[in-house]
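Asker: Need the 3D shape of this:
(one chain, ligands or ions: 2)
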Amino acid sequence: VPLLEGRGLVKAYGPTQALRGASVRLDEGEILAVTGTSGSGKSTLLHCLAGIVGPDEGSVSYAGERLDRLPEKRLSELRRTEFGVVFQFGQLIPELTALDNVALPLLLAGLTRADAHTRAGEWLERFGVRGQAGLRPGEMSGGQAQRTALARALITGPKVVFADEPTGALDSLASEQVMTALVHTARESGTAVLLITHDAQVAAYADREVRMADGAVVAVGVTA
Ligand code: ADP
Ligand code: ADP
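Answerer: Residues are numbered from 1 along each chain as shown. Ligands and ions are numbered 1, 2, ... in the order given. A predicted model of the protein is given here:
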């Protein structure tokens, strides 16, 4: 069984058909790039696969379990423990330092403050932003903030990371640093990554690429 599979996904927002029968699968530990023009349905696909949005038609299965049939409580637990998300603007909490942002998921998981801070420091180091531990997101560069957001998404050891244009707001050097950090950590921990990007250089980091057009997956290829 694939780790994550969407089949025949259909989703409308009022008169807009965001998905018209999109099918995609993500294998364990695989890095899959989802490309396609703006408005082709990439984000909607990600939202459906991550259980954030329910499709109108079609199914999403995670490790063989239908997400749409899970009780809300189990679904939110799954999202918290097995899924990590990173968006274009990392969604770090602006009032918290980098260290506190990264420690937060561990505190929510029940670790003591001291343990959470120790591990958060290690993860900042791993992503090359230890020196920014005491800074708030607004005091960091875009690339540093995204690497902090990645550390926060990966620190709990998720099975899947959903990344929606994680480098969308970055220049090419910062993009490269973010992608290198993401790919390195995902490989090391066997984490699968669903990566939305419109940047061919970013897509080249993936094992495979699927291209969307008009709400459906239209082409599948091997990258690099
Ligand atoms: P196999 O698993 O047998 O190697 P492939 O990976 O070549 O098969 O894909 C089998 C079929 O599924 C092909 O039609 C391909 O286009 C499609 N496919 C492969 N990977 C994906 C994916 N991640 N999402 C959607 N369709 C895919
Ligand atoms: P992409 O990520 O490829 O740019 P999206 O999935 O964001 O595509 O959007 C697909 C289509 O659905 C677009 O026409 C978009 O405007 C529309 N859409 C997406 N989300 C919403 C929403 N929450 N409300 C209304 N329309 C939406």
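Asker: Which residues of the protein lie near ligand 2?
Answerer: Counting by Cβ under 6 Å from any ligand atom, the residues of the chain lying close to ligand 2 are 13, 16, 18, 36, 38, 39, 40, 41, 42, 43, 44. The way it works is simple: take the backbone N, C-alpha and C, and place the C-beta from them, glycine included.
Asker: Next, work out how far apart the first one and residue 199 are.
Answerer: Meaning residue 13. Separation of residue 13 from residue 199 (Cβ to Cβ, to the nearest Å) stands at 26 Å.
Asker: just the fifth one next, same as before
Answerer: Counting by Cβ to Cβ, the separation of residue 38 from residue 199 is 13 Å.
Asker: Compare the two and say which one has the larger neighbour count.
Answerer: Per other Cβ atoms under 10 Å, whichever of residue 38 and residue 199 has more neighbours is residue 199, with 17 against 7.
Asker: How about the contacts made by the more buried one?
Answerer: Contacts for residue 199 (Cβ atoms under 8 Å, 6 or more residues apart in numbering) come out as 167, 168, 175.
Asker: what about the first one, is that helix, strand or coil?
Answerer: So the one you mean is residue 167. Following DSSP: H, G, I helix; E, B strand; the rest coil, residue 167 is assigned to coil.
Asker: Repeat that for residue 123.
Answerer: Per three-state DSSP, residue 123 ends up helix.
Asker: From residue 80, how far out is it?
Answerer: Separation of residue 123 from residue 80 (Cβ to Cβ) stands at 17 Å.
Asker: the more surrounded of these two?
Answerer: Between residue 123 and residue 80, counting by other Cβ under 10 Å, residue 123 is the more crowded of the two (22 against 14).
Asker: roughly how far apart are that one and residue 179?
Answerer: Residue 123 sits 17 Å away from residue 179, going by Cβ to Cβ.
Asker: I appreciate the help and will end here.
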